[in-house]
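Visitor: Fold the following.
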Amino acid sequence: MKKIMVLMMVAFIAAGSLQAITPAEKKDFLGEWQFESPYAPEGYQKGIFFIQEKEGVLAGEIRFGDQYKVPMENVEFADGTLKFGITVDYNYVPLKATIEENKLKGSASTPDGDLPFEATKVKKAE
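Guide: Numbering: from 1, shown residues only. Okay, the predicted model is just below:
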């Protein structure tokens, strides 16, 4: 009887400590995200992502620190990953991001190499 109780207790503790890891859903990306990309060129290191859904289609824009706005292009969501592109200084730059530990984490593939970024949600979509 003691063995069964101990086994049940261990199973209960183990089950409580396991955390199901589920990929983010499209709705998790919607809203306003404040981002930082410390290795990006000056003027592009900080800003805000605005991500929304209109009639089932994802759209958005990026506002850089100096209030320079760039529309998101080719926005798509699949398998827990958000992908889109922006045109900056006549270059199309693809970006991809996932949500990890309540933060948006990703990278931009620039002509000079990949630039990591991280963002924190400041406002949920309405």
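
Visitor: What are the boundaries of the helices in this protein?
Guide: 2-17, 26-29 (DSSP state H).

Visitor: Give me the helices and strands touching the last one, please.
Guide: Judged by 3 or more C-beta pairs under 8 Å, 6 or more residues apart in numbering; DSSP states H and E, the packing partners of helix 26-29 are strand 46-54, strand 91-100. The C-beta positions use only the backbone N, C-alpha and C, and glycine is treated the same way.

Visitor: Reformat those strands as a markdown table; add distance to Lys124, mean pLDDT and mean neighbour count.
Guide: Output for those, formatted as a markdown table (distance: least, C-beta to C-beta, whole Å; pLDDT from 0 to 100; neighbours: other C-beta atoms under 10 Å):
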| stretch | distance to Lys124 | mean pLDDT | mean neighbour count |
| --- | --- | --- | --- |
| strand 46-54 | 11 | 94 | 18 |
| strand 91-100 | 13 | 95 | 16 |
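
Visitor: what is the closest residue to Thr98 other than its chain neighbours paired to in the beta sheet?
Guide: Spatial nearest neighbour of Thr98, chain neighbours left out: Thr81 (5.4 Å); criterion: C-beta to C-beta, 6 or more residues apart in numbering. When bridges are called by DSSP bridges, Thr81 pairs up with Ala78.

Visitor: what does Gly60 give?
Guide: With DSSP bridges as the rule, Gly60 is bridged to Ile51.

Visitor: list the contacts for it?
Guide: Phe49, Phe50, Ile51, Gln52, Pro71, Met72, Val75, Phe84 (C-beta atoms under 8 Å, 6 or more residues apart in numbering).
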